[in-house]
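# Dropping the sequence and predicted coords here.
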Amino acid sequence: MNYEPERERRPQFWRLAMRCAQIAGTVDVIFFFLFHALGSPVLAWINVVSVAMYAGAYYALKYHKNKIAVVLIWAEVLGHAGLGTVLIGWESGFHYYLLMFIPAICVSASRRWAVYALLTLWGYYVALDALMWYIEPLQPIPQTALNIVHLFNLSVVFAMFSYLASYYLSMVVSAQRKLREMATTDSLTGLFNRRHMTYLAEKEVSRFRRSGHPVGFLLLDVDHFKSINDAFGHEAGDRVLGCVADVIREELRAQDLIGRWGGEEFLVILPDTNADKAQASAERIRKAFLARDWRAVIGGDIDVTISIGVSELRTGEDLSAAVSRADEALYRGKTGGRNRVELETI
Ligand SMILES: Nc1nc2c(ncn2[C@@H]2O[C@H](COP(=O)(O)OP(=O)(O)OP(=O)(O)O)[C@@H](O)[C@H]2O)c(=O)[nH]1
């Protein structure tokens, strides 16, 4: 069933299996006392074997012997369900435990093995059901005791299914969150990546068309970044980029959108902000760069400055027009000596 590599591929599944082995072992301890109280010592002692098997499965999982754990758990559930049913009857509800394998098989095995395992499980379940049409329980217990066992089994299976379902849901939700984050975020700076920034910018352009509220754009580029890389190494350059993102974030409002547009280039979208106010924000960022202690970041004697081009979205134009005007302004900032904020020309 290719179980060993699963631990690496699906660690949450195996952690969940450990938890289930603990819970199932505890349930079997309760069964031990329950069957003693109900006057069925044979069934009570079967649970001692079950507890031992779950303890074995738990430690096997703990020490990454997943195959052994899977064999023990399968043997316990199939054996316990079969024996319980044959000894005290179908009404005992021991067969419900077999159903709990269905989600476990689907998430743990490859599709091909899952089909084989599900068919085997179905065959076993149906065979057990059919067998009980023809034979009487070998160790019948009084009807009231049987009802108690049935209700107990039903309740345990309900509780286990609820637990498994909520666990699977939380796994799916956290995987979705991680995927969304990976798809929208630049891993080095934690800012939005270019693709997501384009999506957000398009939304702002649509909002502008509907409401007419101004939208400002800043295109920022670290000055002489290549020389930082060359002098202090790529890792120091990466640290600078992380810190550049922090400086920009600190100087802007929560609703402003900041993205890494290229290598050392950043795009900022300022909702409800005209060109004059955008220019003031850009100035604030530029000055914050001058105030920053870059030596502590780089570990060497160098100052980091930034050039910023500013534009405002105009009626009837699309995103690329506004960004390219910010880019032209940025180019003027670079050619005009860097460490400058330049506003778009008319
Ligand atoms: N450390 C690091 N460097 C990067 C990354 N992305 C791009 N760069 C580097 O950024 C440098 C950009 O260099 P240039 O385009 O010549 O620009 P510059 O040196 O900043 O010069 P001006 O923009 O004209 O002031 C290149 O050396 C790239 O290798 C990154 O993720 N990490």
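Sure, I can see it.
# any idea how far the nearest residue to residue 43 once chain neighbours are set aside lies from residue 139?
Spatially, and ignoring its direct neighbours in sequence, residue 43 is nearest to residue 35 (4.2 Å; C-beta to C-beta, 6 or more residues apart in numbering). Placement of C-beta: from N, CA and C, glycine included. Between residue 35 and residue 139 the computed distance is 10 Å (C-beta to C-beta, to the nearest Å).
# Give me the more crowded residue out of the two.
residue 35 (22 against 14; other C-beta atoms under 10 Å).
# who are the neighbours of the helix or strand containing the more buried one, in terms of helices and strands?
Assessed by DSSP states H and E, residue 35 sits inside helix 11-37. If you count contacts as 3 or more C-beta pairs under 8 Å, 6 or more residues apart in numbering; DSSP states H and E, helix 11-37 packs onto helix 4-9, helix 41-62, helix 66-88, helix 101-108, helix 143-184.
# of all these, which lies closest to the ligand?
helix 143-184 (16.8 Å; C-beta to the nearest ligand atom).
# Can you tell me, leaving aside adjacent residues, what's nearest to residue 268?
residue 218 (4.0 Å).
# doesn't the one you found fall inside a helix?
No. Looking at residue 218 with DSSP: H, G, I helix; E, B strand; the rest coil, it is strand, so not inside a helix.
# and it, how far is that from residue 224?
19 Å.
# Which one's more surrounded, these two?
Between residue 218 and residue 224, residue 218 has the larger neighbour count (other C-beta under 10 Å), namely 27 against 16.
# Pretty sure that one sits against residue 312.
No. Between residue 218 and residue 312 there is no contact under C-beta atoms under 8 Å: 10.6 Å.
# what residues are shared contacts of these two?
Common neighbours of residue 218 and residue 312, using C-beta atoms under 8 Å, 6 or more residues apart in numbering, are residue 278.
# Flag every residue of the chain that's near the ligand.
188, 221-226, 229, 234, 237-238, 241, 263-264, 334, 338 (C-beta under 6 Å from any ligand atom).
# same thing but at 5 Å, please
The interface of the chain toward the ligand, taken as C-beta under 5 Å from any ligand atom, is made up of 223-226, 234, 237-238, 263-264.
# so what's the single nearest residue of the stretch 51-200 of the chain relative to the ligand up against?
The stretch 51-200 of the chain approaches the ligand most closely through residue 188 (5.7 Å), counting by C-beta to the nearest ligand atom. Contact analysis of residue 188 by C-beta under 8 Å, 6+ apart lists 238, 241-242, 260.
# Which of those residues fall within strands?
residue 260 (DSSP state E).
# hmm, back to that, shared neighbours, residue 35 and residue 139?
Common neighbours of residue 35 and residue 139, using C-beta under 8 Å, 6+ apart, are residue 43.
# Which parts of stretch 277-290 count as buried, going by neighbours?
By neighbour count on 16 or more other C-beta atoms under 10 Å, the buried set for stretch 277-290 is 278-279, 281-282, 285-286, 289.
# and of those, the nearest to residue 323?
residue 278 (13.0 Å; C-beta to C-beta).
# Is that closest one in contact with residue 270, as I believe?
Yes. Residue 278 is within contact range of residue 270, at 5.2 Å (criterion: C-beta under 8 Å).
# Give the intersection of the neighbour lists for these two.
Common neighbours of residue 278 and residue 270 (C-beta under 8 Å, 6+ apart) are 216-218.
# Need the pLDDT of the residue in the stretch 101-250 of the chain positioned nearest to the ligand.
In the stretch 101-250 of the chain, no residue comes nearer to the ligand than residue 237, which is 2.6 Å away by C-beta to the nearest ligand atom. Looking at residue 237, its pLDDT stands at 95.
# and if you look at the one 5 residues further on?
In this prediction, residue 242 carries a pLDDT score of 96.
# And for residue 7?
45.
# so what secondary structure elements neighbour whichever strand or helix holds residue 296?
Using DSSP H and E, the element containing residue 296 is helix 294-298. Helices and strands touching helix 294-298, by 3+ C-beta pairs under 8 Å, 6+ apart, are helix 234-251.
# any residues touching the helix it packs on, and which ones?
Residues contacting helix 234-251 (C-beta under 8 Å, 6+ apart): 188-191, 220, 222, 225, 228-229, 258, 260, 264, 266, 268, 281, 284-285, 288-289, 292, 294, 297-300, 304, 306.
# can you list the domain ranges for this structure.
11-180, 194-343 (the TED database).
# now the longest one, how far from the centre of its chain.
Which is domain 11-180. 28 Å (C-alpha atoms, centre = their mean, to the nearest Å).
# Endpoint to endpoint, that domain covers what distance?
21 Å (C-alpha to C-alpha, to the nearest Å).
# what is the rounded mean pLDDT of it?
91.
# Might you report the residue contacts of residue 132?
85-86, 89-90.
# Fine, thanks again, bye for now.
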